[in-house]
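[1] Make a model of this:
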Amino acid sequence: MTKEKAQKKGKVGALKFFSWNLRGMSTGIQVVLIGYITFYCTEVLQLNPALVATLLFASKIVDAVTDLVAGYLIDRTHTKLGKGRPYELAIIGLWLTTWLSFSVPAHLTTVVKCAWVVICYTLAQSIFNTLLSANQTAYMVRAFNDQDAYVTLSSLGGLITVFGVIIFNVVYPGMMAKAGQSAPAWSRMVLMLAVPLCIIGLMRFIFVPEQFDVDAGSKQVKFADIVTLLKSNKYIYIIAAVSLVNNISAGLGVSTYYYTYIVKNMSVMGIMSLFTVVSMLTLALYPVLLKKITVRRLIQLGLIFSIAGGILNFLAKDNLIILGIAGLVGGIGSLPISMMLNLMIIECADYNEWKGRQRMEGTLGAINGFATKLGSGFGTFLCGVLLSAAGYIGGASVQTDSALIMIRALFGIIPACFFFGLLLLLNFYKLDKMMPQIRRENAERTGARTTE
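    From the prediction side, this is the model:
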């Protein structure tokens, strides 16, 4: 292809670079925003936290079906726009249903409120977010098709995503404080965010075409291929487990409770987020680091920082200096998993090709996406159940000592334990050591097919 020859290895144009990562910023902010759904339900709608947690977690059962269906659908897609690109339009549905999730009329009965939240939340996370997660890897390899480009997009490009999320984390607590417990105010607040972020999120679809045919010589994906993948590729299970546990920690969503009842100043939460700005700068080191160590080793290094950050968070109580240091350390630790895990999914696709099977990036991305959302949902569930068990009372100005201890544990020591488990688990991922041979032999096969 002319376009393929014209593009230099590892080179990503400015328009594509920003368009690709602005969509990542849009969905990244949505993930953080939807994490406030438990707080919204308990403080604004006055629903029982254990009930909310159970309902939201139950909605994740739908993901067991939609994720695999989405991956299968994407792997079978062949259109003029490409394989993964058409599904970028799901960003519209994602932001619409996210806004509706935070737009429950306060006068409704408890049953109707619960039904409204569950339906909108499920549509947002199990349908639209699923499609956007599952198409990511399939889209990337056909839009860029170069390992150096992947690293650039995931590291330096990640600065755009993280910067946007940090700005959101700084601004949003003040917006929440202003909205208070007013349901109409929350709806207006989320709408003000949803419209521009939806427009920004469409830029990838508009400006980044798929231009590389990596499926040459491959047959149409069949359902039996999914079964074969699930039986034969053990490495995707390790990646999925990492996403699961990491998102259980992220899904706890206890920061708002912590700054409300421990620090007793929610506005400070936004200021504390500024400490993570410095951690973003470490993304610039990733292209250099990944020439010396593998993605797995980089993620393990990050987990060590995350463990230290969690311990500091637990010890900090209302000490803002320690909280700031913890935010910086934890921020450095969280970046490798957030930004680099997709590269490990590409390794799994390369492994499938090396073994003579279909690459199936869509299904691999869907498996990881399912684990991500299951973890996030279980984190929300776990937070609600543990807070209720500890005697937390939604809307109360003063909480019991046991509830305060639980908030501190959920904010620090419990995530640290999760990260330690991941540090050990990643020792079983051996695929990174095989990648030089796999990439070399895959390239030789592709070259041989091209010359035939």
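[2] in the protein, which segments are predicted with low confidence?
    For the chain, the stretches with pLDDT under 70 are 1-10, 64, 215-219, 395, 448-452.
[3] buried ones in the longest helix belonging to the chain?
    The longest helix of the chain (DSSP state H) is helix 320-354. The neighbour-count check on helix 320-354 (16 or more other Cβ atoms under 10 Å) flags 323-354 as buried. Backbone N, C-alpha and C define where each C-beta goes, glycine included.
[4] again with stretch 70-82
    In stretch 70-82, counting by 16+ other Cβ under 10 Å, buried: 70, 71, 72, 73, 74, 75, 77, 82.
[5] May I have the residues that are in contact with the closest residue in space to the fifth one that isn't next to it in sequence?
    Across the structure, with Cβ to Cβ, 6 or more residues apart in numbering as the measure, the residue nearest residue 74 apart from its sequence neighbours is residue 362 (3.1 Å). The contact partners of residue 362, by Cβ atoms under 8 Å, 6 or more residues apart in numbering, come to 70-75, 77, 83-84, 134-135, 137-138.
[6] wait, isn't residue 41 in contact with residue 50?
    No: using Cβ atoms under 8 Å, residue 41 is not in contact with residue 50, being 11.2 Å away.
[7] Neighbour count: the two, which is higher?
    Higher neighbour count among residue 41 and residue 50: residue 41, with 28 against 17, using other Cβ atoms under 10 Å.
[8] That one and residue 104: what is the separation?
    The spacing between residue 41 and residue 104, counted by Cβ to Cβ, to the nearest Å, is 8 Å.
[9] Need the phi and psi values for residue 79.
    phi -130, psi 170 (degrees, to the nearest 10).
[10] repeat for residue 168
    The phi/psi pair for residue 168 (degrees, to the nearest 10) reads phi -60, psi -50.
[11] any idea which element the residue nearest to residue 74 lies in?
    For residue 362, the enclosing helix or strand under DSSP states H and E is helix 361-389.
[12] do residue 318 as well
    Assigned by DSSP H and E, residue 318 falls within no helix or strand.
[13] can you pull the contacts of it?
    When contacts are counted by Cβ under 8 Å, 6+ apart, residue 318 touches 262, 263, 264.
[14] Now do stretch 43-59: distance from first to last residue.
    End-to-end distance of stretch 43-59 (Cα to Cα, to the nearest Å): 21 Å.
[15] Can you mark which positions in it are buried?
    For stretch 43-59, by 16+ other Cβ under 10 Å, it's 43-45, 47-50, 52-53, 55-57, 59.
[16] now, among those residues, which is nearest to residue 397?
    residue 43 (11.8 Å; Cβ to Cβ).
[17] one step back: tell me the buried residues in the helix holding residue 362?
    By neighbour count on 16+ other Cβ under 10 Å, the buried set for helix 361-389 is 361-384, 386-388.
[18] Of the contacts of residue 362, which belong to helices?
    70, 71, 72, 73, 74, 75, 134, 135, 137, 138.
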